[in-house]
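Chemist: would you be able to build a 3D model of this:
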Amino acid sequence: MPNVTAVILAGGLGTRLRSVVSNLPKCLAEVNGKPFIYYILDQIVDAGIKDVVLAVDYKWEMIYEIVGINYKNLSMAYSVDDIKQGSTGTALRSALFYISDSTVLVMNGDTYVDMELSHFLWECQRGDLGTGFVLNVNNGIINMGIYLTCCDFVQTHISLDKLYSLEKSFLNDVYKYGVIPYTINKPFIDIGTPESYAKAGEFMRKIGK
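Modeler: Numbering: from 1, shown residues only. The predicted structure follows:
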C-alpha cells in the first residue's frame, strides 16, 4: 500500500458557530475538555498514517500554537490559504506543496465519523482505482467529505486561480478515473452549528471517545 498523507480542511470561518465559540477556529472548539481536532487526529493515528497537513486560514496561528507540529506519532505541516480563494478545492491544491506521498486522504476539520479509516484506505487501495469516498447511509444518504485520491489528479484538475468546491465538483471530475463509494452506516457529528455543537459531547461519550 502506498504511503498516505492526510489533509484536514480547517480553514473555515465558522460564522454559524460564533455565538457559542466566538474566539476560536472551529476545529479548536472544545468537546469534553479537548479541542475537537484531536478526535480527528486520534482517528488518523489509529489508521497508521504518519503525516498530516492542516489546511488553515482563520486564526490559524492559534491552531499552530495549540496543536504544534507533532501529535503522538504524527508530523504536521500547515498550509495557509494566502490566496484567499475561500474554497475547499483551493485549500487542498495549496496543501500539495507540503506533500511528498502520491496519495492523499482528505477530511473535514469540523466533522467526526465513527469509522475505521484503515479499512477505508485498504478497500480503496487494493483495487488500484483512482478515488474513494465515504458515503454514509446513517440518517439519510450523505457524502461525508472524506476522500482518498492521488496527488497527481489534484495537481492536474484543481487550479489555484479559481474557486473549486470538493463538495460540488470533485466526484464529477474524478468519475472517469474510477470512483469507489465506500458505504457505511455509522453515527457522525458535524459541529458547524450551535445546535450540533451542543450535542458533540454526548456523541463522543456514546461512541467511547
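
Chemist: near residue 152, how many other residues are there?
Modeler: Residues lying near residue 152 (other Cβ atoms under 10 Å) number 12. (Each C-beta comes from the backbone N, C-alpha and C, glycine too.)

Chemist: then residue 50?
Modeler: Residue 50 is surrounded by 14 other residues when neighbours are defined as other Cβ under 10 Å.

Chemist: what ranges do the strands span in this structure?
Modeler: If DSSP state E is used as the criterion, the strands of the chain fall at 4-10, 30-31, 34-35, 51-56, 70-71, 74-80, 103-108, 111-113, 131-136, 142-150, 179-184, 188-190.

Chemist: redo these as JSON lines? Include mean pLDDT.
Modeler: Listed next are the strands of the chain as JSON lines, based on pLDDT from 0 to 100:
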{"stretch": "strand 4-10", "mean pLDDT": "96"}
{"stretch": "strand 30-31", "mean pLDDT": "96"}
{"stretch": "strand 34-35", "mean pLDDT": "96"}
{"stretch": "strand 51-56", "mean pLDDT": "96"}
{"stretch": "strand 70-71", "mean pLDDT": "96"}
{"stretch": "strand 74-80", "mean pLDDT": "95"}
{"stretch": "strand 103-108", "mean pLDDT": "95"}
{"stretch": "strand 111-113", "mean pLDDT": "97"}
{"stretch": "strand 131-136", "mean pLDDT": "91"}
{"stretch": "strand 142-150", "mean pLDDT": "92"}
{"stretch": "strand 179-184", "mean pLDDT": "89"}
{"stretch": "strand 188-190", "mean pLDDT": "96"}
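
Chemist: in JSON lines: these, plus distance to residue 20 and mean neighbour count.
Modeler: Supplementary listing: those in JSON lines, determined by distance: least, Cβ to Cβ, whole Å; neighbours: other Cβ atoms under 10 Å:
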{"stretch": "strand 4-10", "distance to residue 20": "18", "mean neighbour count": "25"}
{"stretch": "strand 30-31", "distance to residue 20": "11", "mean neighbour count": "18"}
{"stretch": "strand 34-35", "distance to residue 20": "15", "mean neighbour count": "16"}
{"stretch": "strand 51-56", "distance to residue 20": "21", "mean neighbour count": "24"}
{"stretch": "strand 70-71", "distance to residue 20": "25", "mean neighbour count": "12"}
{"stretch": "strand 74-80", "distance to residue 20": "26", "mean neighbour count": "17"}
{"stretch": "strand 103-108", "distance to residue 20": "19", "mean neighbour count": "22"}
{"stretch": "strand 111-113", "distance to residue 20": "17", "mean neighbour count": "23"}
{"stretch": "strand 131-136", "distance to residue 20": "25", "mean neighbour count": "21"}
{"stretch": "strand 142-150", "distance to residue 20": "22", "mean neighbour count": "20"}
{"stretch": "strand 179-184", "distance to residue 20": "29", "mean neighbour count": "16"}
{"stretch": "strand 188-190", "distance to residue 20": "14", "mean neighbour count": "19"}
